[in-house]
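Q: Structure, please.
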Amino acid sequence: MPADHDPADFDARIEALTHALEASSDAHARTAARELVSLVLQFHAVGLRRLLDILAGAPISARQRAGSDPVIAAMLALHELQPPEASAETDSEGVIAKGSLLHIRRGADAPPTTAIAFHHERAPHCDMCGAEVDEAHHHYVDVVSRELSCSCRACWLLSGSQARRESLRAVPDRYITGAFRLSDAQWDALQLPVATAFFMFNSAVGRTIAFYPSPAGATESALSLTAWHAVEQSNPWVRTAAPDVEAILVRKNPREGERYDAFVVPIDACYDLVGRIRMHWTGFDGGDAVRREIERFFDGMAVRSGRLADSVGGSS
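A: Numbers count the residues shown, from 1 in each chain. Down below sits the predicted model:
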């Protein structure tokens, strides 16, 4: 990589190559390549952790140089490691007196992830390699049990290479939106009792299923497939949602009574919304706190979502 190369471009190239690997028809080549990349990443992670331990006792100037280097920052972000900081508590000689520089976090150059409202008795760990991860991290989903498992960025980039079960799928981090055409009559035909719901194609049952958030958690709703197909015909771009790992999140916009908003999001983002509602719900109707939290959530969706052209997917 040239010295002036953008680390974000390098990171994107890694993702593209790992996705291309997963698409290869040569099963033996995929297995060998996954194992090779996994070993290289593990080797680099061990070396980077030792380097951070060494820098913990280095002069402030050395920590500043290492922490401000964009390539070093990108390498650390790949393993969700924190660059060395010069602001740590120091003694009179500029050497760290206590504390460790080794913390797990989301790197500045890494793509955004969803902070699931899970409560851990201890810091969450990657279920693939055991590395500690921050509260905001990637996930795998078991397409049979629907359970989420935590993943560090390195294991997530390798997709299925670290999966312990064939039913595990890496949850992507794509957020998109587009012009959404939906009438109140169409929404009523979906037979949903609330103004927010998410729709996901479940490969285990071979059909789209609907859920809506409630104070009790995510509630599955009996979905009329005829009504849902009518929504898809009016909005073909929603068909781009990947089975099991992405969902179409829809809500009636409270600021504009006749407008509905829709986003294709990672499935863990939907669980995030469910967790927020459970956490903030009070009284019979949820209260003002939960309404404010829902607004913050959807404002965040609008900011991070890329916009699709109206013609995506054509019409049928």
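Q: Quote the end-to-end distance of stretch 192-206.
A: Counting by CA to CA, to the nearest Å, you get 21 Å between the two ends of stretch 192-206.
Q: in it, what counts as buried?
A: Leu192, Thr196, Ala197, Phe198, Phe199, Met200, Phe201 (16 or more other CB atoms under 10 Å). Using the backbone N, CA and C atoms, a C-beta is placed for each residue, glycine as well.
Q: Narrow those residues to those in strands?
A: Thr196, Ala197, Phe198, Phe199, Met200, Phe201 (DSSP state E).
Q: Verify the contact between Glu293 and His280 for me.
A: Yes: contact between Glu293 and His280 holds when scored by CB atoms under 8 Å: they sit 4.7 Å apart.
Q: one step back: return the member of the buried residues of stretch 192-206 nearest to Tyr212.
A: Nearest to Tyr212 out of the buried residues of stretch 192-206 is Ala197 (CB to CB; 4.2 Å).
Q: How much space separates that closest one from Trp281?
A: 17 Å (CB to CB, to the nearest Å).
Q: what ranges of the stretch 151-300 of the chain fall below the confidence cut-off?
A: Low-confidence segments of the stretch 151-300 of the chain (pLDDT under 70): 159-165.
Q: For it, which segments count as helices?
A: 153-157, 184-189, 225-234, 267-280, 287-304 (DSSP state H, counting those that start in this stretch).
Q: Of all the ones you listed, which one is nearest His139?
A: With CB to CB as the yardstick, what comes closest out of these is helix 267-280 (4.8 Å).
Q: quick check: angle from that closest one to strand 196-202?
A: 140 degrees (axes from the mean of the first three to the mean of the last three CA atoms, to 10 degrees).
Q: Show me what helix 267-280 is in contact with.
A: Contact with helix 267-280 is made by 114-118, 139, 141, 148, 171, 175, 196, 198, 200, 211, 213-218, 244-247, 249, 286-287, 289-290, 293-294, 297, 301, as judged by CB atoms under 8 Å, 6 or more residues apart in numbering.
Q: If any of the residues you listed are buried, put those into a PyMOL selection.
A: Listed next is the PyMOL selection for buried residues among the contacts of helix 267-280, using 16+ other CB under 10 Å:
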select buried, resi 114+115+116+117+139+141+148+171+175+196+198+200+211+213+214+215+218+244+245+246+247+249+286+290+293+294+297+301
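Q: domain assignment for the protein?
A: 7-88+105-170, 176-307 (automatic domain parsing).
Q: end-to-end on stretch 245-265?
A: 9 Å.
Q: Pull the residues that contact that stretch.
A: Residues contacting stretch 245-265 (CB under 8 Å, 6+ apart): 141, 169-172, 174-178, 180, 182, 184, 187, 195-200, 235, 237-238, 240-241, 266-267, 269-270, 273, 295, 298, 301-302, 305.
Q: Name the residues of stretch 126-134 that come out as buried.
A: Cys126, Asp127, Met128, Cys129, Ala131, Glu132, Val133, Asp134.
Q: Ok, stretch 229-244 next?
A: Ala230, Val231, Glu232, Asn235, Pro236, Trp237, Val238, Ala241, Ala242, Asp244.
Q: now, among the residues you listed, which is nearest to Leu51?
A: Nearest member of those to Leu51, counting by CB to CB, is Ala242, at 37.0 Å.
Q: Give me the spatial nearest neighbour of that closest one, chain neighbours excluded.
A: Spatially, and ignoring its direct neighbours in sequence, Ala242 is nearest to Pro172 (6.7 Å; CB to CB, 6 or more residues apart in numbering).
Q: doesn't Asp244 make contact with the one you found?
A: No: look at Pro172 against Asp244 with CB under 8 Å: they stay out of range, at 10.8 Å.
Q: Would you mind giving the buried residues of stretch 229-244 as TSV with distance to Arg50 added?
A: Converted to TSV, those look like this (distance: CB to CB, whole Å):
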residue	distance to Arg50
Ala230	59
Val231	54
Glu232	52
Asn235	52
Pro236	52
Trp237	47
Val238	47
Ala241	42
Ala242	38
Asp244	38
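Q: Among these, which one sits closest to Leu223?
A: Val231 (10.4 Å).
Q: re the thing from before, of all the buried residues of stretch 229-244, which comes closest to Pro59?
A: Ala242 (48.6 Å).
Q: wait, what's in contact with the closest residue to Val143 other than its chain neighbours?
A: Spatial nearest neighbour of Val143, excluding adjacent residues (CB to CB, 6+ apart): Asp244 at 4.5 Å. By CB under 8 Å, 6+ apart, the contact set of Asp244 is Val141, Val143, Arg169, Met200, Phe201, Asn202, Ser203, Ala204, Ile267.
Q: What of Arg181?
A: Ser234, Asn235.
Q: switch to 10 Å and redo it
A: Val231, Gln233, Ser234, Asn235, Tyr260, Ala262, Asp310 (CB atoms under 10 Å, 6 or more residues apart in numbering).
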